[in-house]
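*Asks:* sequence? don't have it. structure:
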């Protein structure tokens, strides 16, 4: 059996949504926002393996990294500009340092009692 190219559109929207674990409406929203461009044949959206990977990246950036869709759009634009895969975002390498919690003793020293006058 011949192996498919990653750009070959084969999955209808319901199958693609099942593979990704999202609702088909989510895929339509991503398309409306310009984040995804599935092939259309006779008004039927067909998704490739590369489209599936792109949606997984979009979901990771929104759900795990807290980006909104506009931010995801910028990152995808940068990725396309440099023709680079964003595999580094999935790696658990060096993460940003955790924000430090204020020292409770110093925080309490600055507070005054009473009604905040």
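*Replies:* Thanks, I have the structure now. Owing to the predicted nature of the structure, the values given are computational and were not obtained by experimental measurement. Residues are numbered from 1 along each chain as shown.
*Asks:* can you pull the buried residues of stretch 21-28?
*Replies:* By neighbour count on 16 or more other C-beta atoms under 10 Å, the buried set for stretch 21-28 is 22, 24, 26-27. Bear in mind the C-beta positions are built from the backbone N, C-alpha and C, glycine included.
*Asks:* strands along this protein, start to end?
*Replies:* When assigned using DSSP state E, the strands of the chain occupy the ranges 11-12, 39-41, 44-47.
*Asks:* for these, which one sits closest to residue 33?
*Replies:* Checking these against residue 33 by C-beta to C-beta gives strand 44-47 as the closest, at 14.8 Å.
*Asks:* got a list of what the residue nearest the centre of the chain touches?
*Replies:* The residue lying closest to the centre of the chain (C-alpha atoms, centre = their mean) is residue 58, at 2.2 Å. Counting by C-beta atoms under 8 Å, 6 or more residues apart in numbering, residue 58 touches 30, 35-36, 69, 72, 76.
*Asks:* if you rank those residues by neighbours, which is first?
*Replies:* When neighbours are counted as other C-beta atoms under 10 Å, the busiest of the contacts of residue 58 turns out to be residue 30, with 22 neighbours.
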